[in-house]
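Participant: below are the sequence and a predicted model; questions follow.
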Amino acid sequence: MDDCIFCKIVAGKIPAKKLGENEGAIAFPDIKPEMPVHILVIPKRHLASLDEVGDGTVMAPVFALAAQDGTVMAPVFALAAQVAREQGLDKTGWRAVINTGRDANQVVFHLHLHVFGGRRMSWPPG
Ligand code: 5GP
Ligand code: ZN
């Protein structure tokens, strides 16, 4: 998509330090880290949000994660786990976050998964 910042990163038009890549996803550091480790994992294919995975109903995206295994989300989760391990987060713990829509404060509408780690986190999120 022409005016999508993350599509530009996928296309190499905006620089980002590539921390990992597989057939369907790439990982790079968040430009404004909120945690000692703050990595974004995004599908190469433009999807505005998790709401576009599946048939568009509220729960479909959750089930679609399984149904679309190997296409959109599987590479994203696989790469998230890989970069988390490479950062040593498997020893201490980490959090995967996909902000979806207004109430979750999604700002960039190219589906992305945040990998957070490196310090103790609170729950629930604000
Ligand atoms: P959201 O609230 O949509 O889940 O988070 C979007 C994230 O993208 C924010 O944490 C923001 O810092 C990050 N971000 C926005 N523009 C860029 C960019 O050009 N490069 C990188 N690496 N991260 C970005
Ligand atoms: Zn995009």
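Facilitator: Yep, that arrived. Ligands and ions are numbered 1, 2, ... in the order given.

Participant: what helix or strand is residue 28 on?
Facilitator: strand 25-29 (DSSP states H and E).

Participant: show me what that strand is packed up against.
Facilitator: For strand 25-29, the elements it packs on are helix 5-10, strand 20-21, strand 37-43, helix 73-86, judged by 3 or more C-beta pairs under 8 Å, 6 or more residues apart in numbering; DSSP states H and E. (Glycine included, C-beta is placed from N, CA and C.)

Participant: helices and strands around the longest one, which ones?
Facilitator: Secondary-structure packing of helix 73-86 (3+ C-beta pairs under 8 Å, 6+ apart): strand 20-21, strand 25-29, strand 37-43, helix 60-67, strand 94-97, strand 113-117.

Participant: please repeat the previous calculation with a cut-off of 10 Å.
Facilitator: Judged by 3 or more C-beta pairs under 10 Å, 6 or more residues apart in numbering; DSSP states H and E, helix 73-86 is in contact with strand 20-21, strand 25-29, strand 37-43, helix 60-67, helix 89-92, strand 94-97, strand 113-117.

Participant: residues in contact with the fifth one?
Facilitator: Which is helix 89-92. Contact with helix 89-92 is made by 36-37, 39, 81, 83-85, 95, 115-120, as judged by C-beta atoms under 10 Å, 6 or more residues apart in numbering.

Participant: how does it look with 6 Å?
Facilitator: With contacts defined as C-beta atoms under 6 Å, 6 or more residues apart in numbering, helix 89-92 is touched by residue 117.

Participant: buried residues, that helix. List them.
Facilitator: residue 89 (16 or more other C-beta atoms under 10 Å).

Participant: which residues sit in contact with the residue found closest to residue 22 once you drop the neighbours it is linked to in the chain?
Facilitator: Spatial nearest neighbour of residue 22, excluding adjacent residues (C-beta to C-beta, 6 or more residues apart in numbering): residue 75 at 4.7 Å. Neighbouring residues of residue 75 by C-beta under 6 Å, 6+ apart: 22-25.

Participant: thinking again about what came up before, rank the helices and strands packed on helix 73-86 by mean pLDDT and give me the bottom one.
Facilitator: If the helices and strands packed on helix 73-86 are sorted by mean pLDDT, helix 60-67 sits at the bottom with a mean of 43.
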